[in-house]
Each structure stands twice: as structure tokens, then as C-alpha cells.
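Participant: give me the fold of what follows.
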Amino acid sequence: MEFNCLESFVTIATEKFELVVNFYSQLCKQEPIIYRPSIYAEFQLNKLRIGIFQPKPENYGEFSHNYHSSISICLEVLSLEQAIAFLSNLGYPPSGDIVEASHGREIYAYDPVGNRLILHQEAPSK
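Facilitator: So this is what the prediction gives:
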């Protein structure tokens, strides 16, 4: 079984999206390289990417109760199915179903101490 992680970055879930985006804009002294109002912003800091997103209303509970943390580790993968199989073999199968979004497909999993992982496979180019 193979697991090909192409890149990784940190994401921050928040209901105070604009406040957090403004904070990181000032902290990093730059505007986001990707910006979708009230949905997603991303900063590139040398080799670290920081993504900030507002959870969908149906996911607020996971973040508003500080389940473990509002920070997630997002792993970009070549094959979501291979990544799911790999984590399952490790004993940490993803929870829930694959989510289909405009930016690709993703599923959530947790590491041994409860840190949230977002496994993401980019949408095919059109």
C-alpha cells in the first residue's frame, strides 16, 4: 500500500473569518494569495502555507466546542482512496464520507492524539 503526499499546509477554522484573515494579513505583511470572501483565504510564507476557512454551518459543532483544535493539517494526495486505505491500515480510518467540493474531494481523519487531518485530492483540470 502506498501513500503519496504531495504537499501539506496548516488550516485554521473560524467563524470570525474576516478578523482572522486581517490578523494574518498584518502578521505576514501580505494579502492572501487566494481569497474567497467569507469562505477561504490562503497565505504563502516561504515553505509554509496557512489556509483560513469558515466551516460550513453543518460542521460548526466540531469547531465551536473546540473538539480538539481549530487547526487542521491538510494533506494534498494523488489518490484519496489510497490515502483512506493507508490510514485505515494504520488503524485510523477517516470519519464520515468523502466530501465533493468545487476545489476537489476531501475526507477527514484524526491522528492518534486527535489532531484533525484533511485529506484532499484536487479537482481535475477542465
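
Participant: ok, E31 touching V21?
Facilitator: No. Counting by C-beta atoms under 8 Å, E31 stays clear of V21, with 9.3 Å between them. Where you see a C-beta, it was placed from the backbone N, CA and C, and this is true even at glycine.

Participant: neighbour-wise, which of these two wins?
Facilitator: Taking other C-beta atoms under 10 Å, E31 and V21 do not tie; V21 has more neighbours (23 against 11).

Participant: part of a helix, is the more buried one?
Facilitator: Yes. The assignment for V21 by DSSP: H, G, I helix; E, B strand; the rest coil puts it in a helix.

Participant: measure it to G51 for me?
Facilitator: Using C-beta to C-beta, to the nearest Å, V21 is found at 11 Å from G51.

Participant: lowest-scoring secondary structure element of this protein by mean pLDDT?
Facilitator: helix 60-64 (a mean of 66; mean pLDDT, DSSP states H and E).

Participant: which element follows it toward the C-terminus?
Facilitator: As assigned by DSSP states H and E, the chain's next helix or strand after helix 60-64 is strand 71-77.

Participant: so for the helix or strand following that next one, mean pLDDT?
Facilitator: Downstream of strand 71-77, the first helix or strand assigned by DSSP H and E is helix 80-90. On average, the pLDDT along helix 80-90 is 92.

Participant: quick one: neighbours of I50, just the number.
Facilitator: Using other C-beta under 10 Å: I50 sits among 19 other residues.

Participant: against R36, how distant is the residue lying closest to it once chain neighbours are set aside?
Facilitator: Nearest non-adjacent residue to I50, counting by C-beta to C-beta, 6 or more residues apart in numbering: F43, 4.7 Å away. Counting by C-beta to C-beta, the gap from F43 to R36 is 14 Å.

Participant: more crowded one of the two?
Facilitator: Taking other C-beta under 10 Å, F43 and R36 do not tie; F43 has more neighbours (21 against 14).
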